[in-house]
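[1] Please work out how this folds:
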Amino acid sequence: MASPVLPWKTKIVLKILSVVTDTVCRPNGTVYRRLLNFLEIKAAANGKPVRGVKTSDVTVDATRKLWFRLFTPTEIPKGGEVIPLPVIIFFHGGGFSLLTADSQGYDKVCRQFAVKFPAVIVSVNYRLTPEHRFPSQYEDGFDTLKFLNETEFDTFGFPANADPSKCFLAGDSAGANLAHHVAIRAGEADFKRVKVIGQISIQPFFGGEDRTESEIRLSTAPLVSLSRTDWMWKIFLPEGENRDHEAVNVSGPRAIDISKVNYPATMVVVGGFDPLQDRQREFYRWLKRSGKEVKLVEYPNGIHAFYIFPELPESSQFMTVARDFIHEQCDKA
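    Modelled structure (predicted):
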């Protein structure tokens, strides 16, 4: 297997993340949460602007510990003109079983989104497996959207120029899978305030019973090796289900027909060293066959989660392309 050219810093971080993942994900299908919480670096919300962004945490449903972190850009553009800001509902990755909205890495990347797009970011802290299996994550994602649709924004500190009629769903890996399924439900809902006009699908986490060429060729890749992803699907799915379930193999034999669903324009991001790349390209083709507006963006040297590493040139390239996609969809709306 050919290897991507990576800086030493990236290689060290990937190695640490892989070791931590393999340590806390037990063979018996449980996650060693106490150890994970000890090892995971968290970032607290900060109401004072830091590098042009302030943050706060908003509770959606305390009974299931469903909340989101709100990222608000605070720098006024030159000339002092206050422009409407799109709202991006973001779902973090982690195979549905790891990481949180206040993980340091996701706090940093959402801050970048807020400044560089610019946009108001709603980073959802959804329930995790195996404690909460399918469809808990999808319910949390959709209920957050309902909450935004039914709640006056200024009640929870949204800026006055946040525009709910220009909302985007976004996510990476498992978060992109989640965003897709929320997009389907949102397209069938009759929301009055929140209008989902776009989706940024960053290396979505999909699967299936039959192995793809890229899964076999890159079977030992960091973060998303076959053994890790098989484990994650097993603890996500209901007992007795397999990887051809419609939540996993979204374009497979049990695929949901979305041809008549009001599905948002979508940008699918693929990395050339991501084992999931074949499934991501098939997702793109499936959306096209379903009559949806979709754009494919590929980074030949991209590893899984490449955009989180600012030292990689593909990271800044992605930020620019995503910004342009958002502006394009906002102009159409």
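[2] Show the contacting residues for D140.
    Residues in contact with D140, defined by CB atoms under 8 Å, 6 or more residues apart in numbering, are V60, R64, L66, V124, Y126, R127. C-beta here means a position set from N, CA and C on the backbone, and glycine is covered the same way.
[3] The nearest residue to Y299 once chain neighbours are set aside: what secondary structure?
    Closest residue in space to Y299, ignoring its immediate chain neighbours: E314 at 4.4 Å, by CB to CB, 6 or more residues apart in numbering. Using DSSP: H, G, I helix; E, B strand; the rest coil, the three-state assignment for E314 comes out as helix.
[4] Can you report how many residues neighbour E314?
    19 (other CB atoms under 10 Å).
[5] Would you enumerate the residues in contact with it?
    E314 touches G271, Y299, N301, G302, F306, Y307, counting by CB under 8 Å, 6+ apart.
[6] hmm, 10 Å instead?
    P4, V269, G271, G272, Y299, P300, N301, G302, I303, F306, Y307 (CB atoms under 10 Å, 6 or more residues apart in numbering).
[7] Give the residue spans of the stretch 1-150 of the chain that score low on pLDDT.
    1-2, 76-80 (pLDDT under 70).
[8] Which parts of it are strands?
    53-61, 66-73, 85-91, 120-125 (DSSP state E, counting those that start in this stretch).
[9] can you pull the buried residues of the first one?
    If I follow you right, that is strand 53-61. Buried residues in strand 53-61, counted by 16 or more other CB atoms under 10 Å: V53, K54, T55, V58, V60.
[10] and if you look at the second one?
    Across strand 66-73, burial judged by 16+ other CB under 10 Å covers L66, W67, F68, R69, L70, F71, T72, P73.
[11] Which neighbouring elements make contact with it?
    strand 53-61, strand 85-91, helix 104-116, strand 120-125, helix 136-150 (3 or more CB pairs under 10 Å, 6 or more residues apart in numbering; DSSP states H and E).
[12] Which among the ones you listed is found nearest to F318?
    helix 104-116 (10.3 Å; CB to CB).
[13] Mind giving me the packing neighbours of the closest one?
    strand 53-61, strand 66-73, strand 85-91, strand 120-125, strand 162-172, helix 313-332.
[14] show me what contacts V20?
    Applying CB under 10 Å, 6+ apart, the residues near V20 are L35, L36, L39, E40, L98.
[15] So which residue is dead centre in the chain?
    What sits nearest the mean C-alpha location of the chain, by CA atoms, centre = their mean, is G171, with 1.5 Å.
[16] now the helices: where do they sit in the stretch 151-300 of the chain?
    174-188, 213-217, 226-236, 277-289 (DSSP state H, counting those that start in this stretch).
[17] Can you add mean pLDDT and give the ones you listed back as JSON lines?
    Formatted as JSON lines, the helices of the stretch 151-300 of the chain follow (pLDDT from 0 to 100):
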{"stretch": "helix 174-188", "mean pLDDT": "97"}
{"stretch": "helix 213-217", "mean pLDDT": "97"}
{"stretch": "helix 226-236", "mean pLDDT": "97"}
{"stretch": "helix 277-289", "mean pLDDT": "98"}
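[18] That concludes my questions; thank you for your assistance.
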